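In: Have a look at this prediction, sequence included:
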Amino acid sequence: MADAYIVGAYELPYRKAPDKSVAQMHGEAALGALADAGLTLADVDGYFCAGDATGLGPVSMADYLNLRLRHLDSTEIGGSSYVAHVAHAAEAIRAGKCDVALITLAGRPRQGQKGGLPFPGPEGAWEIPFRPVTANVYAMAAQRHMHEFGTTSEQLAWIKVAASEHAQHNPHAMLPRPVTVEEVLASPIIASPLHMLDCCVVSDGGGALVVARPEIAHGLSRPRVAVKGAGESYKGQNGGAIDITWSAGRMSGATAFAEAGITPADIKYASIYDSFTITVLITLEDLGFCARGRGGAFVADGNLISGVGALPFNTDGGGLCNNHPANRGGMTKVIEAVRQLRSEAHPAVQVPSCDLALVHGTGGFLASRHGSATLILERE
Ligand SMILES: CC(=O)SCCNC(=O)CCNC(=O)[C@H](O)C(C)(C)COP(=O)(O)OP(=O)(O)OC[C@H]1O[C@@H](n2cnc3c(N)ncnc32)[C@H](O)[C@@H]1OP(=O)(O)O
């Protein structure tokens, strides 16, 4: 028996929220995930959220939600935060610090800043004037990967093509239309070599998860999703003296696979953070799904499309086509993995006999300065 199970998951259905507050959206997500689990706010004694929450983060949100808590956690590692939160919730339950952990995300980036990150780090004064910061940094990783390994724009485009093939079956996806490699290459350059269609969407929205102690999970009616392995890591720029063709996923992935006692070949479905197409390609190499430098060949020709290729990924359309709320896409990555493991993904993209899934989150600037979190989830 596992130490903890994901028993509830919910994604807000909307992608534009001009008339809602962020706190209200956290609340809607919380109620949705608890209803999915068959629990209520009164059952929650552990609460997790990151920097997208308003006010004093989990303190303000716990007050807004009228929670009675024994444990709270505000781990902030950007896009990987909500992948890490699932592992932290399982650890807190194992340590006896809480029984039912609620994790919520919500944000409205479409209503304010677009096309970049509101993360004014110490380097911000030198970088933000030359916007868009985020795409530029990911473009440098793509350019270097092309130089080192011969990766092509066509190969990167296949990642968007795969995401869009999946998104056409998601009625809530922001970009539900399938696109071709040619369309990706014909879209405007945002930061060379990345085109507009190499980028994730900017969306309002959010989601929530509920993680529970086994004794509670076994009393609920939903399929149980166990946390089988988890890893977290960080890679910095070391004054610029770094190789930007690999990410901290190399470390967090190795830790998660070792804890789970499995290899990449065992994974039936992967939710991979997809802020840009290059994020997916480098992450797949770092997690060991293919050899270093071979990511381009691995993703080409539909290898990431469910029912077509060897590794179905982001079957909700991912951040590239569905939803990338509050620049913290880790939450939606976990939610789609839960759908797959429960056999509740859209029938057109459901992976048959999906018992083992991987979720990976990237927070910050891939390959230069970022946090990373990997989860391996198993259907009991
Ligand atoms: C750790 C991390 O998470 S790092 C990632 C952080 N997030 C980002 O950096 C966001 C990256 N994406 C972007 O910056 C934006 O989506 C951009 C720059 C690519 C496009 O932004 P804008 O030019 O403002 O696009 P806008 O939202 O106005 O939409 C214009 C059109 O382009 C389309 N579009 C917008 N973004 C995308 C996209 N990523 N892919 C495909 N089409 C897009 C829209 O659907 C719209 O089409 P329509 O005119 O037919 O309705």
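Out: Cool, got the structure.
In: how about Arg250, secondary structure?
Out: Following DSSP: H, G, I helix; E, B strand; the rest coil, Arg250 is assigned to helix.
In: ok, it - contacts?
Out: Listed by C-beta atoms under 8 Å, 6 or more residues apart in numbering, the contact partners of Arg250 are 233, 286-287. Quick note: C-beta positions are derived from backbone N, CA and C, even for glycine.
In: residue boundaries of the strands in this protein?
Out: Counting by DSSP state E, the chain has strands at residues 5-11, 46-48, 71-73, 100-107, 189-191, 194-195, 205-212, 225-235, 269-272, 356-365, 369-379.
In: what is the mean pLDDT for the shortest one?
Out: Okay, so that is strand 194-195. The average pLDDT for strand 194-195 rounds to 98.
In: Give me the distance between the closest residue to Val201 other than its chain neighbours and Asp204.
Out: Closest residue to Val201 apart from its sequence neighbours, by C-beta to C-beta, 6 or more residues apart in numbering: Met174 at 4.7 Å. Separation of Met174 from Asp204 (C-beta to C-beta, to the nearest Å): 10 Å.
In: anything in contact with each of these two?
Out: Both Met174 and Asp204 are contacted by Arg15, under the criterion C-beta under 8 Å, 6+ apart.
In: what about Gly79, distance to Asp52?
Out: Distance, Gly79 to Asp52, by C-beta to C-beta: 11 Å.
In: Of the two, give the one with the bigger neighbour count.
Out: For the pair Gly79 and Asp52, the greater number of neighbours falls to Gly79 (32 against 25), based on other C-beta atoms under 10 Å.
In: residues contacting the residue nearest to the more buried one when sequence neighbours are not counted?
Out: Counting by C-beta to C-beta, 6+ apart, Gly79 lies nearest to Gly363, which is 4.3 Å off, once chain neighbours are set aside. Contact analysis of Gly363 by C-beta under 8 Å, 6+ apart lists 77-81, 328, 330, 370-373.
In: Apply 6 Å and report the result again.
Out: Contacts of Gly363 were listed using C-beta atoms under 6 Å, 6 or more residues apart in numbering, and they are 77-80, 370-371.
In: How about Cys98?
Out: With contact set as C-beta under 6 Å, 6+ apart, Cys98 has these partners: 45-46, 70-71, 92.
In: what does this protein put close to the ligand?
Out: Residues of the chain lying close to the ligand by C-beta under 6 Å from any ligand atom are 78-79, 114-117, 134-135, 175, 190, 196-197, 199-202, 275, 327, 329, 362-364.
In: same thing but 5 Å
Out: Taking C-beta under 5 Å from any ligand atom as the measure of proximity, the chain contacts the ligand at 78-79, 115, 134, 196-197, 199, 201-202, 275, 327.
In: out of those, which are buried?
Out: Using 16 or more other C-beta atoms under 10 Å as the burial test, the residues of the chain next to the ligand include 78-79, 134, 197, 199, 201-202, 275, 327 as buried.
In: among the residues you listed, which two are most distant?
Out: Maximum pairwise distance among these (C-beta to C-beta): 22.9 Å, between Gly78 and Leu197.
In: Include distance to Val179, pLDDT and neighbour count when you put the contacts of Cys98 into JSON lines, please.
Out: Output for the contacts of Cys98, formatted as JSON lines (distance: C-beta to C-beta, whole Å; pLDDT from 0 to 100; neighbours: other C-beta atoms under 10 Å):
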{"residue": "Asp45", "distance to Val179": "45", "pLDDT": "98", "neighbour count": "19"}
{"residue": "Gly46", "distance to Val179": "41", "pLDDT": "98", "neighbour count": "25"}
{"residue": "Arg70", "distance to Val179": "48", "pLDDT": "97", "neighbour count": "13"}
{"residue": "His71", "distance to Val179": "44", "pLDDT": "98", "neighbour count": "18"}
{"residue": "Ala92", "distance to Val179": "42", "pLDDT": "98", "neighbour count": "22"}
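In: Dump the residues you listed to TSV, plus distance to Ala33.
Out: Output for the contacts of Cys98, formatted as TSV (distance: C-beta to C-beta, whole Å):
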residue	distance to Ala33
Asp45	15
Gly46	13
Arg70	19
His71	17
Ala92	17
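In: between those, which is closest to Ala106?
Out: Taking C-beta to C-beta as the measure, Ala106 lies nearest Gly46 of the contacts of Cys98, at 18.5 Å.
In: surely the closest one meets Ile103?
Out: No - applying C-beta atoms under 6 Å, one finds Gly46 not in contact with Ile103, separated by 9.0 Å.
In: re the thing from before, quick one: which of the buried ones among the residues of the chain next to the ligand sit in helices?
Out: Those of these mapping onto helices are Thr134, per DSSP state H.
In: So what touches stretch 314-331?
Out: Contacts of stretch 314-331 (C-beta under 6 Å, 6+ apart): 52, 79-83, 105, 107, 117, 160, 163-164, 166-167, 170, 173, 175, 200-201, 203, 205-207, 273-274, 306, 332, 336, 345, 349, 361.
In: Just the C-alphas of that stretch, formatted as CSV.
Out: Extracted as CSV, the C-alpha positions of stretch 314-331 are listed here (Å, rounded to 0.1, in the frame of the first residue of the first chain):
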residue,chain,number,x,y,z
ASN,A,314,0.1,15.9,-22.8
THR,A,315,-3.1,14.4,-24.0
ASP,A,316,-5.1,17.4,-22.9
GLY,A,317,-3.2,19.6,-25.4
GLY,A,318,-0.8,20.7,-22.7
GLY,A,319,0.4,24.3,-22.2
LEU,A,320,1.2,24.5,-25.9
CYS,A,321,-2.5,24.3,-26.8
ASN,A,322,-4.8,23.8,-23.8
ASN,A,323,-4.0,25.8,-20.7
HIS,A,324,-1.0,27.3,-19.0
PRO,A,325,-2.5,29.1,-16.0
ALA,A,326,-0.4,31.6,-14.0
ASN,A,327,2.9,30.3,-15.6
ARG,A,328,2.6,27.3,-13.3
GLY,A,329,1.7,24.5,-15.7
GLY,A,330,2.7,21.8,-13.3
MET,A,331,-0.8,21.6,-11.9
